[in-house]
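Student: the sequence and its predicted three-dimensional model are supplied below.
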6 protein chains.
Amino acid sequence: MSFNHFDDQGQAIMVDVSGKQPTLRTATAAATVSMQPDTLAGLLAGRTTKGDVLGVARIAGIAAAKKTPELIPLSHPLAIHHAAIDFDTDQACGTVTVRATVRAFERTGVEMEAMASAAVAALTIYDMCKGADKGITISQIRLLFKEGGKSGTWQREEAQ
Amino acid sequence: MSFNHFDDQGQAIMVDVSGKQPTLRTATAAATVSMQPDTLAGLLAGRTTKGDVLGVARIAGIAAAKKTPELIPLSHPLAIHHAAIDFDTDQACGTVTVRATVRAFERTGVEMEAMASAAVAALTIYDMCKGADKGITISQIRLLFKEGGKSGTWQREEAQ
Amino acid sequence: MSFNHFDDQGQAIMVDVSGKQPTLRTATAAATVSMQPDTLAGLLAGRTTKGDVLGVARIAGIAAAKKTPELIPLSHPLAIHHAAIDFDTDQACGTVTVRATVRAFERTGVEMEAMASAAVAALTIYDMCKGADKGITISQIRLLFKEGGKSGTWQREEAQ
Amino acid sequence: MSFNHFDDQGQAIMVDVSGKQPTLRTATAAATVSMQPDTLAGLLAGRTTKGDVLGVARIAGIAAAKKTPELIPLSHPLAIHHAAIDFDTDQACGTVTVRATVRAFERTGVEMEAMASAAVAALTIYDMCKGADKGITISQIRLLFKEGGKSGTWQREEAQ
Amino acid sequence: MSFNHFDDQGQAIMVDVSGKQPTLRTATAAATVSMQPDTLAGLLAGRTTKGDVLGVARIAGIAAAKKTPELIPLSHPLAIHHAAIDFDTDQACGTVTVRATVRAFERTGVEMEAMASAAVAALTIYDMCKGADKGITISQIRLLFKEGGKSGTWQREEAQ
Amino acid sequence: MSFNHFDDQGQAIMVDVSGKQPTLRTATAAATVSMQPDTLAGLLAGRTTKGDVLGVARIAGIAAAKKTPELIPLSHPLAIHHAAIDFDTDQACGTVTVRATVRAFERTGVEMEAMASAAVAALTIYDMCKGADKGITISQIRLLFKEGGKSGTWQREEAQ
């Protein structure tokens, strides 16, 4: 079994990637925010008349992609070339699905950047809605897709 | 319906809490990391013989509690007085439950600090195990408990 | 003449404010972004149909208020209790006026937080419009108002 | 009209630059700090006998060039290869002109790094002189020159 | 033996200080930078004719005091009220002694802020002189004095 | 005598490295933490039964390597490809020797990253042991080895 980030004495390290060639890397991750359908209806109504929760969450998610090396102790600092966040909402279920995509021409993958970006965008939605509903839950933070590097393309089965 | 963080023209603001009195605030949040039971067995075996995934994740979670004002755009900078992270593992299910508790004597609550702390600890576990299992999922990031402030104590029903 | 931030040997210091009592402090600062009237018309049209430049700039400005102690070497770290940003636009002149207000119950003033917040919101507008107009200029970054502390209230004459 | 930083649905993004080739990029930006001539005289006298306001501002400006990706939400993280700050003073007018130059071999320009660097150096001068003169104003934050990349060289007319 | 920062199961925590009363805390730490006497002579000559190594190091040290909660994993975020750095030089020995003092009205001590401040000022001197002398060594990073809190005043014997 | 980081008027700059070719750079630095032998015995016993001081210090040191451009004012932002920290303990003397190695394919060296990493790991050990022994001293922060770049390999004589 292959655990990253430890040397052969079990000590945490930032893995040496200096021998790798840079390749174009892309990763997409998602997160689902589940709230009362009424809360979601209020959030969506507010986009035009009150305040733009999803617009703020998008900025937070993009900033988090840049901040990933500070958040994840053994991750490498990467020069991100692209970051974008989409939202899908299901009003009947009261869910917002966050999808974060990150791209870089680097020696190591951008999976953690995409995961952190989706997670922080979801946390920001929680923050802005918790006055209405403290019970909101964030689930299914998961990698959907990655491309580039020696291990090539990986796609979660659910993703089409 | 009460959405925080917008003024009466719908513009995002950092809500004015200067008129509030500081009180002792506590919040506990959780997150569940689901992996293959074999991956979890490897992780737990590694704690003694190879590397301490959970030890690294704990430090990342505590650091994230301090970094919350940088991650969540409209949150207030808070002087945290306590942060702690516990892990429960269920080897049959392949799950690690992260529980983060944060405390401060402040004018506003520490829910976001606890939520961000649990989320980043979970993301760190993902980072260190993704070489073995890219499909690991983080779910149920949720507030379990909060105490202090005008709205008083709130407890999620599931929590005992 | 009173220069802050130097001791009696002319060495830069973070001035000792530990002997002061905390009081409620408010500061408002402004900045003016001057662009081609056409560029401003495009920016304002985009708010509804394309993208919300001012919404992104507002989040950047609020974040900058929290980041002021990292930007200004001899400033004190402050626990900000409120931050808000307003925009006024003059389409004939092609100007956007940024107004940033910050409040805290602290031992020292929040002038720099308001100034940095207005400046960074204006820089963000520049960033998002520079593809259309590299010649955009930011001017009149200035304190409009401060209140609280031993020196009391100060108001720039222009401000009503 | 070309607004950067939005996709075709008007959503804020970090623009994808992964398809671009790195080229050598240089940008110079300026800012003007206007104060009472007496305040400037005191500042300049202090450089040798009391404290070095401009020396502190220079360090703040260089640090801000490195911090630009954290300040400007949709900017790309860049590996800066050079940063320098010059000051010109006009004692009769009471003005300090800050000029910041940044260089990098990158896929996107360093205009924002130069603009942020000049702005933060100017804000630092304000901070250190505000005890003597709260009315100090920062104006004319503007790009003077850029070079490199597909759009090539751009020079503001005023600059010789 | 009392190790801070672990709970009774040996897990790293940010110790709970919410039950403590804030008191005025002061700490002074020092560090010694040892270089070739010629290098020090060049550094000191440069203060007036070339560049001010110690002025830059002072700013770096004050910034590090503010950044301590990000550097030291289990430290508490503190609102520092004062930070200052002095240098003593011994030209015959080729040593620069850095002395950093930090003060805050807080629930926990500022020892780490003073230690980190002295260490980073010393590292900055190394950085600026390493072109002349890579063998420069930083030694004797040590607490000289602390005051405030339940444990009261502590003074290292060497300090007068 | 060659002082880095100043232009020919003695003004601090981030040296222009844009004309250099990237090469593989490695640097190793060390620091020695001296404590009472009893304190060290307690620290080492705690690794298995109480808490892992050295594990926390290792994470802090790796994070500091990534944070070096924020700590050292005139250093360049670098994309680190590898960071690792080893500890040697001498129980009779009560010393822990920290050794930090950093590697990157860059235009400038990683000496400061290695020095800062060793220093912050040592400061973290101090932080976690200061409850038992405030007199702990950090010494001999020094470069052991560097490789890569125009100046080639440099090795301290003591190092084998």
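Tutor: Perfect, thanks for sending it.

Student: need the contact list for the residue most central in space within chain A.
Tutor: When chain A is reduced to its mean C-alpha position, the closest residue under C-alpha atoms, centre = their mean turns out to be residue A:118, at 2.5 Å. Each residue near residue A:118 by C-beta atoms under 8 Å, 6 or more residues apart in numbering or on different chains is listed here: A:29-31, A:61, A:85, A:98-100, A:141. (C-beta placed from N, C-alpha, C; glycine too.)

Student: tell me which helix or strand of chain A sits lowest on mean pLDDT?
Tutor: When each helix and strand of chain A is scored by mean pLDDT, DSSP states H and E, helix A:37-49 comes last, with a mean of 83.

Student: quick check: mean pLDDT across the strand or helix carrying residue A:84?
Tutor: In this structure, residue A:84 sits in strand A:82-90 according to DSSP states H and E. For strand A:82-90, the mean per-residue pLDDT is 97.

Student: run the chain-centre distance for that strand.
Tutor: 10 Å (C-alpha atoms, centre = their mean, to the nearest Å).

Student: can you list the residues of chain A near chain F?
Tutor: By C-beta under 8 Å from any C-beta of the partner chain, the part of chain A that sits against chain F consists of A:7, A:11-18, A:69-70, A:73-74, A:76-79, A:107.

Student: how about the residue nearest to the centre of chain A, secondary structure?
Tutor: Put simply, residue A:118 is helix when judged by DSSP: H, G, I helix; E, B strand; the rest coil.

Student: and stretch A:94-101, anywhere near chain D?
Tutor: No: using C-beta under 8 Å from any C-beta, stretch A:94-101 stays clear of chain D, with a minimum separation of 9.3 Å.

Student: indicate whether that stretch makes contact with chain B.
Tutor: No: in terms of C-beta under 8 Å from any C-beta, no part of stretch A:94-101 sits within range of chain B; the closest distance is 12.3 Å.

Student: contacts for that stretch next, please.
Tutor: Residues outside stretch A:94-101 that contact it (C-beta under 8 Å, 6+ apart): A:26-40, A:43, A:54, A:57, A:61, A:65, A:82-90, A:114-115, A:117-118, A:121-122, A:125, A:144.

Student: please pick the buried ones from those.
Tutor: A:26-35, A:39-40, A:43, A:54, A:57, A:61, A:65, A:82-87, A:114-115, A:117-118, A:121-122, A:125, A:144 (16 or more other C-beta atoms under 10 Å in any protein chain shown).

Student: on that earlier part again, so what's the residue nearest to the centre of chain A scoring on pLDDT?
Tutor: Value for residue A:118, per-residue pLDDT: 98.

Student: not counting its own residues, what contacts the strand holding residue A:84?
Tutor: Residues from elsewhere that reach strand A:82-90 (C-beta under 8 Å, 6+ apart): A:40, A:44, A:54, A:57-58, A:61-62, A:65-66, A:95-104, A:113, A:117-118, A:121, D:7, D:11, D:13-18.

Student: just the buried residues out of those residues, in PyMOL syntax.
Tutor: Burial among the contacts of strand A:82-90 is assessed by 16+ other C-beta under 10 Å; the matching PyMOL selection reads:
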select buried, (chain A and resi 40+54+57+58+61+62+65+66+95+96+97+98+99+100+101+102+103+104+113+117+118+121) or (chain D and resi 11+13+14+15+16+17)
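
Student: show me the helices in chain A, by range?
Tutor: A:37-49, A:53-71, A:111-129 (DSSP state H).

Student: rewinding a little: in strands, which of the contacts of residue A:118 appear?
Tutor: A:29-31, A:85, A:98-100, A:141 (DSSP state E).

Student: can you tell me which two in those are farthest apart?
Tutor: A:85 and A:141 (13.5 Å; C-beta to C-beta).

Student: among the residues of chain A next to chain F, which are in strands?
Tutor: Checked against DSSP E, the residues of chain A next to chain F include nothing in strands.

Student: near chain D, list only the ones from those.
Tutor: A:78-79.

Student: flag every residue of chain A that's near chain D.
Tutor: Residues of chain A lying near chain D by C-beta under 8 Å from any C-beta: A:24, A:55, A:58-59, A:62-63, A:65-67, A:78-86, A:103-105.

Student: one more time with 10 Å
Tutor: By C-beta under 10 Å from any C-beta of the partner chain, the part of chain A that sits against chain D consists of A:24-26, A:54-55, A:58-60, A:62-63, A:65-67, A:69-70, A:77-87, A:101-106.

Student: wait, isn't residue A:33 in contact with residue A:130?
Tutor: No: the pair residue A:33 / residue A:130 is not scored as a contact, 11.2 Å apart, by C-beta atoms under 10 Å.

Student: surely residue A:151 meets residue A:20?
Tutor: No: using C-beta under 10 Å, residue A:151 is not in contact with residue A:20; the gap is 11.5 Å.

Student: okay, these two: which has more neighbours?
Tutor: residue A:20 (15 against 11; other C-beta atoms under 10 Å in any protein chain shown).
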